[in-house]
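J.: Give me a model of this one.
(chains A and B)
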2 protein chains.
Amino acid sequence: VKRNILLKLAYDGTAYCGWQRQEEGTPTVQQTVEEALERVVKHPVTVYGCSRTDSGVHAREFVLHFHTDCTIPCDRVPVAVNTYLPEDVVCFEAREMPDVFHARFDCAGKEYVYQILRSRYRDPMWHHRAYHYPYPLDLQAMREGAAHIRGKRDYAAFAAQGNPVHSTVRTVYGVEVQEEGELLRVYVRGDGFLYNMVRIIAGTLLLMGRGKLTVEELEAGLQAGDRTRMGPTVPPHGLYLNKVYYQMDGEKEG
Amino acid sequence: VKRNILLKLAYDGTAYCGWQRQEEGTPTVQQTVEEALERVVKHPVTVYGCSRTDSGVHAREFVLHFHTDCTIPCDRVPVAVNTYLPEDVVCFEAREMPDVFHARFDCAGKEYVYQILRSRYRDPMWHHRAYHYPYPLDLQAMREGAAHIRGKRDYAAFAAQGNPVHSTVRTVYGVEVQEEGELLRVYVRGDGFLYNMVRIIAGTLLLMGRGKLTVEELEAGLQAGDRTRMGPTVPPHGLYLNKVYYQMDGEKEG
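T.: Presented below is the predicted three-dimensional model:
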């Protein structure tokens, strides 16, 4: 029986066409990580990620698992893999897991954070890392909207159109708006997310912050499952996968 | 008489071979800004910067001046120039100055900050923005060293070798070490700096933080003007030009 190893990564997604491996020549985080791992374990590797981040989206914590015969001790894996990873991807933890563990299917929930920069002019230190939004915002209205997006229900209104899925019911554990200087951070935690869901939630809260959508209209749009009554899908470079929850960690929320 | 206009810029220096214009084909911040300005004022422009940042060094505040016949109001200049600047350079202020003002010669002082990231593993969100230094540091020792680097004296020991200058006497207004989470920031303020001076000061304080150089050895090295007794020149990507002082601002310190 092969060993089943869990890795935690962080990456700057700017240079990648998302997580998932695509045709040769398209840079993806998955391929980058597989190639680095192959140099460590000396055999072909397929990694299974906890989710598929989009092009330009970042991760502060991304979990994957892979199988190997290699006998390298887990505590040496991060340094070994980092030797072969580029600067914009890092492995910061490795753990031996039970044979049945699957990074995606066993994932109990995730936290994303969407970063908005409210400075008058764009800031070169934040390009690719936060969405520049230099307009006045009513944070109270945004927080009321955030508090309203909660619980198990049909979130079809927050799903990108043209991406049919079996069910659009998800459980949102909570949405929070936090301010730190000129940065506004929208935290979204849930058991799973529809395509573009976090970016649509952030775009909708921005619309509410500008006084262009009320909580009543938000609720009506959610009930109707009407994507067109929500805010725009804000750009990917403000989005970070922040935390990944597994029941075995005792970390699951909600 | 042409107008004399001051601009304040911020930039991410990662993609540039420093501020100063070089031969065609070498990307520099100066050339990038001149080309953007030329599209606004519709004539060739030479800009005069407050200093020459090195390849990979960043600026949160960089001041320049240029002359023009163009009648565009100053309050419209930032938005107009930003239209033509790439994402990693921004203009956030423009001001009409007296004819005699010179961004470099009238500069009364500058503040640099050197950012050190102390996390165990490198952080993809800080690559190109902070120097990763995952070793234990005695901050008290660093602060004692910092407090010792102060006043008007010969700082030849902090100058890159092979860069002869008329005088190696400078006035340092103060050096401070500030901690914020895993980030350590070394602030250095002075009336002027020798080549690589701030990076050598930061490298010297790191050496002190590791217990490899005492305050007495620092002082002896300074008195001897001996570069070889100081710490290494730490990499450029941790360095930011943070503030530029002019007497007319009433901002000059020391």
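
J.: now for stretch A:130-137, what's the gap between its first and last residues?
T.: 16 Å (C-alpha to C-alpha, to the nearest Å).

J.: likewise stretch A:41-51?
T.: In stretch A:41-51, first residue to last residue: 24 Å (C-alpha to C-alpha).

J.: same question for it, mean pLDDT?
T.: Over the span of stretch A:41-51, the pLDDT mean works out to 97.

J.: buried stuff in that stretch?
T.: Residues A:41, A:45, A:47, A:48, A:49, A:50, A:51 are the ones in stretch A:41-51 that count as buried (16 or more other C-beta atoms under 10 Å in any protein chain shown). No exception for glycine: its C-beta is placed from N, CA and C like everyone else's.

J.: What values do phi and psi take at the nearest residue to the fifth one once chain neighbours are set aside?
T.: This points to residue A:49. Taking C-beta to C-beta, 6 or more residues apart in numbering or on different chains, and ignoring the residues beside it in sequence, residue A:49 has residue A:64 as its nearest neighbour in space, at 4.6 Å. With angles defined as degrees, to the nearest 10, residue A:64 sits at phi -140, psi 170.

J.: Then residue A:172?
T.: According to degrees, to the nearest 10, residue A:172 has phi -100, psi 120.

J.: so how many other residues sit close to it?
T.: Residues lying near residue A:172 (other C-beta atoms under 10 Å in any protein chain shown) number 22.

J.: Read off the pLDDT value for it.
T.: For residue A:172, the predicted pLDDT is 98.

J.: circling back: list just the nearest of the buried residues of stretch A:41-51 to residue B:103.
T.: Comparing the buried residues of stretch A:41-51 against residue B:103 with C-beta to C-beta places residue A:51 closest, at 48.8 Å.

J.: I'd say that closest one and residue A:104 touch.
T.: Yes: counting by C-beta atoms under 8 Å, residue A:104 is a contact partner of residue A:51 at 7.0 Å.

J.: just to revisit the earlier point, quick one, what contacts the residue nearest to residue A:49?
T.: Each residue near residue A:64 by C-beta atoms under 8 Å, 6 or more residues apart in numbering or on different chains is listed here: A:6, A:7, A:9, A:33, A:47, A:48, A:49, A:50, A:103.

J.: which residue ranges form the helices in chain A?
T.: A:29-41, A:77-84, A:139-148, A:197-209, A:215-224 (DSSP state H).

J.: ranking the ones you listed by burial, who's on top?
T.: Using mean count of other C-beta atoms under 10 Å in any protein chain shown, the stretch among the helices of chain A with the largest mean neighbour count is helix A:197-209, at a mean of 25.

J.: Work out the gap between that helix and the centre of the chain.
T.: Centroid separation for helix A:197-209 versus its chain: 15 Å, with C-alpha atoms, centre = their mean, to the nearest Å.

J.: need the strands for chain A, in chain order.
T.: Under the criterion DSSP state E, chain A contains strands at A:3-11, A:48-49, A:58-68, A:89-97, A:107-117, A:131-132, A:151-154, A:169-180, A:183-190, A:239-246.

J.: what about the helices of chain A, which gets the closest to chain B?
T.: Nearest to chain B among the helices of chain A is helix A:77-84; the distance by C-beta to the nearest C-beta comes to 6.4 Å.

J.: for that closest one, packing partners?
T.: Helix A:77-84 makes packing contacts with strand A:3-11, helix A:29-41, strand A:89-97 when contacts are defined by 3 or more C-beta pairs under 8 Å, 6 or more residues apart in numbering or on different chains; DSSP states H and E.
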